[in-house]
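K.L.:
what shape does this take:
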Amino acid sequence: MRAVDRALPDGRHTGVARQPRCRNGEADAVGRGLIETHPLASAWQPGRTAGRPGRARANGWRGLPSRRCCAYARRMVTLAAFYRFADLQDPAGLRHALAALGRAEGVRGTVLLAPEGVNGTIAGPEAGVARLLDRLSAEPGLAPLREKRAEAAAMPFARLKVRVKPEIVTMGRPELRPAEAAGTYVSPEAWNALVSAPDVALIDTRNAYEVALGTFAGAVDPGLDRFAGFPAWWAANAHRFAGRRVAMFCTGGIRCEKSTALLRAEGVEEVWHLEGGILDYLARVPETESLWRGECFVFDGRVSVGHGLGPGRAGMCHACGRPVTPAQMDAPGWEEGVSCPLCIGAYTDVDRARFRERQRQVRLAAARGRRHLA
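P.N.:
Okay, the predicted model is just below:
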């Protein structure tokens, strides 16, 4: 097992063996379909630790949870990623009920509640996860949840966090109501025919570092640093798509529900989005028929996946946190755990010396068959 130093979308960071690992059960999950619905995916940016923009993840959250999590490593846990846009009347009241139930059932992870709905990724005993999801589904408008479940050998979370936010996916437009105003779903099987029509404009709503690894042929890249920048991009570029139908896509679907609602609010009459996102497309459309080019970035230690959701070839620079292609890992400036061609000039010699020491400790831990707590 190769030792690596992985980061999650909320900025947490770990240097551990690739798999299995106590810290990041999401890596197991993505291969089976757990995807972008991590509640902090839209806010994550490369090169940012939790509360420390631009600093190396070596200074971030200590990746492996405390020993209280390690009891979970001795048995399989159920993971669930879920979301649904709906009008929640009392997010604060639901927060207390979910927190009490989740802790009683041994469930951990993050659940975001907002007037526009719910978004979460949780893990725990199968029965406990089911009870928490049943409790959510009992709320008016939340059934059925858009959810994906998987099993993992290790508990990926240190605690349960249930939070009330203005939005469940951050765009800076909390007044939008995707539950009533999102665009029209298109199944993966019908997607090729739609986007091949000459009057359809295809827009990738993901961040630029995601698009760099792969996208659909002919898609427009807005060049976003984060999803919250999409409204400003659309305001500046809407004239380019006048009189055309618009099709949009993202990793798992949640960002497209919000972005299509925005376009409809701005007066675009025909807006479509890929049901289940890129990963459902890669899982269900044969490669020989696919319009996808490259790999799909995922928010966990696997970095990227390809057709059939098999593991991709991309790596991760653990200085700046950006995904890197095999060509970039062969280019000048690449040093594992220290720098890549994208950030070679961004850090000082002192920073790089610290990164090299961290990487040395990662290798030593791997040689001893241990996990490195970076």
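K.L.:
low-scoring stretches of the stretch 1-150 of the chain, by residue?
P.N.:
Scanning the stretch 1-150 of the chain for pLDDT under 70 picks out 1-74.
K.L.:
could you pull out the strands in it for me?
P.N.:
3-7, 13-17, 48-49, 52-53, 77-85, 108-114, 117-124, 146-152 (DSSP state E, counting those that start in this stretch).
K.L.:
can I take it that A201 is in a helix?
P.N.:
No - using DSSP: H, G, I helix; E, B strand; the rest coil, the assignment for A201 is strand, not a helix.
K.L.:
beta partners of it?
P.N.:
Note on A201: beta-bridge partners V246, judged by DSSP bridges.
K.L.:
please name the residues that touch it.
P.N.:
Residues in contact with A201 (C-beta atoms under 8 Å, 6 or more residues apart in numbering) are V220, R240, F241, R244, R245, V246, A247. (C-beta placed from N, C-alpha, C; glycine too.)
K.L.:
right, and out of those residues, which lies closest to V324?
P.N.:
V220 (23.6 Å; C-beta to C-beta).
K.L.:
neighbours of the nearest residue to that closest one once chain neighbours are set aside, how many?
P.N.:
In space, and not counting its chain neighbours, V220 is closest to I203: 4.9 Å by C-beta to C-beta, 6 or more residues apart in numbering. Look at I203: counted by other C-beta atoms under 10 Å, it has 25 neighbours.
K.L.:
gap between I203 and S290?
P.N.:
Distance, I203 to S290, by C-beta to C-beta, to the nearest Å: 19 Å.
K.L.:
ok, I122 next?
P.N.:
From I122 to S290 the distance is 32 Å (C-beta to C-beta).
K.L.:
what does R240 give?
P.N.:
Distance from R240 to S290, by C-beta to C-beta: 26 Å.
K.L.:
now H96
P.N.:
For H96, the distance to S290 (C-beta to C-beta) stands at 46 Å.
K.L.:
who has more neighbours out of these two?
P.N.:
Set H96 next to S290 and count neighbours by other C-beta under 10 Å: S290 wins out with 17 against 11.
K.L.:
tell me the confidence at the nearest residue to that one once chain neighbours are set aside?
P.N.:
Leaving aside its sequence neighbours, S290 sits nearest to H307 (C-beta to C-beta, 6+ apart; 6.2 Å). At H307, the model reports a pLDDT of 94.
K.L.:
OK, contacts around H307?
P.N.:
H307 touches L282, P286, E287, S290, W292, counting by C-beta under 8 Å, 6+ apart.
K.L.:
per-residue pLDDT, the last one?
P.N.:
Read it as W292. pLDDT for W292: 98.
K.L.:
leaving out sequence neighbours, find the closest residue to it.
P.N.:
Spatial nearest neighbour of W292, chain neighbours left out: F216 (5.8 Å); criterion: C-beta to C-beta, 6+ apart.
K.L.:
dump the residue contacts of that neighbour.
P.N.:
Taking C-beta under 8 Å, 6+ apart, one finds V195, L202, D204, F249, L291, W292, R293 in contact with F216.
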